[in-house]
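*Asks:* any chance you could fold what I've pasted below:
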Amino acid sequence: CDFVKPNCFSTSVLDEDELAELSVGYLIPPFEYTKSQSEAMQDLVSVIKAYIPGQNKIDGGGFKIITQTDNYLYIQFQSLKYGYIDDVEFSLKDDRVNMRSSSRLGYLDFGVNAKRLNFISEKLGLLDGWKTSQITASTHPGYFEKNIR
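*Replies:* Below is the predicted model of the structure:
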């Protein structure tokens, strides 16, 4: 994620980064699961495949799974109006799912990345063995202040 652009969320920040304090604007907690990695990946892929393009007025251009391995998932989501591509990655390890959802272009994302991850979080959270959290105005006030009007 770019430290100055409010258009990305990630579970990771580089420790050696001298601008680490800026990461608080995009840093989110990883999802956690209490099942095998294989079962967790099956759940994640099922939720992604059930994703509804256009839900919450985002990703109307659909999505495509680009890479899927036993512990990694990379998806491209596309906006309907201008065809912008956003990159979303999930990496499963040690009962956690690290993730990144990022716009490729522009400064703002108008809430798209938060809405997308919240949809996935909500659906996974309904399944047994998952602990997820939502991105809200209270967890990320700067992001919501700039993107949601």
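
*Asks:* the residue nearest to L108 when sequence neighbours are not counted: how many residues sit nearby?
*Replies:* Leaving aside its sequence neighbours, L108 sits nearest to N147 (CB to CB, 6 or more residues apart in numbering; 5.3 Å). Using the backbone N, CA and C atoms, a C-beta is placed for each residue, glycine as well. By the other CB atoms under 10 Å criterion, the neighbourhood of N147 contains 19 residues.

*Asks:* try F9
*Replies:* 23.

*Asks:* which residues does whichever strand or helix holds it contact?
*Replies:* Per DSSP states H and E: F9 is located in strand 8-10. Identification of contacts with strand 8-10 by CB atoms under 8 Å, 6 or more residues apart in numbering yields 1-2, 23, 26-28, 99-103, 109, 113-114, 117, 135, 140.

*Asks:* again, but for stretch 56-70
*Replies:* Counting by CB under 8 Å, 6+ apart, residues outside stretch 56-70 touching it are 37-38, 41, 45, 48-49, 51, 53-54, 73-81, 83, 86, 111-112, 115-116, 119.

*Asks:* buried residues in it?
*Replies:* For stretch 56-70, burial by neighbour count (16 or more other CB atoms under 10 Å) applies to 58-59, 61, 63.

*Asks:* quick one, helices of this structure?
*Replies:* Using DSSP state H, the helices of the chain run over 37-49, 112-125, 141-147.

*Asks:* among the ones you listed, which is nearest K131?
*Replies:* Of all the helices of the chain, it is helix 112-125 that lies closest to K131, at 7.5 Å by CB to CB.

*Asks:* which strands or helices does the closest one pack on?
*Replies:* Helices and strands touching helix 112-125, by 3 or more CB pairs under 8 Å, 6 or more residues apart in numbering; DSSP states H and E, are strand 8-10, helix 37-49, strand 85-93, strand 96-103, helix 141-147.

*Asks:* what about that helix, average pLDDT?
*Replies:* For helix 112-125, the mean pLDDT works out to 96.

*Asks:* can I get that helix in PDB, CA atoms only?
*Replies:* Extracted C-alpha coordinates of helix 112-125, given in PDB (Å, rounded to 0.1, in the frame of the first residue of the first chain):
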ATOM      1  CA  VAL A 112     -14.600   0.300  -2.700                       C
ATOM      2  CA  ASN A 113     -11.800  -1.600  -0.900                       C
ATOM      3  CA  ALA A 114     -13.500  -1.400   2.500                       C
ATOM      4  CA  LYS A 115     -16.800  -2.600   1.000                       C
ATOM      5  CA  ARG A 116     -15.200  -5.500  -0.800                       C
ATOM      6  CA  LEU A 117     -13.200  -6.700   2.200                       C
ATOM      7  CA  ASN A 118     -16.300  -6.200   4.500                       C
ATOM      8  CA  PHE A 119     -18.400  -8.400   2.200                       C
ATOM      9  CA  ILE A 120     -15.800 -11.200   2.300                       C
ATOM     10  CA  SER A 121     -15.300 -10.700   6.000                       C
ATOM     11  CA  GLU A 122     -19.000 -11.000   6.700                       C
ATOM     12  CA  LYS A 123     -19.500 -14.100   4.600                       C
ATOM     13  CA  LEU A 124     -16.500 -15.900   6.100                       C
ATOM     14  CA  GLY A 125     -17.600 -14.800   9.600                       C
END
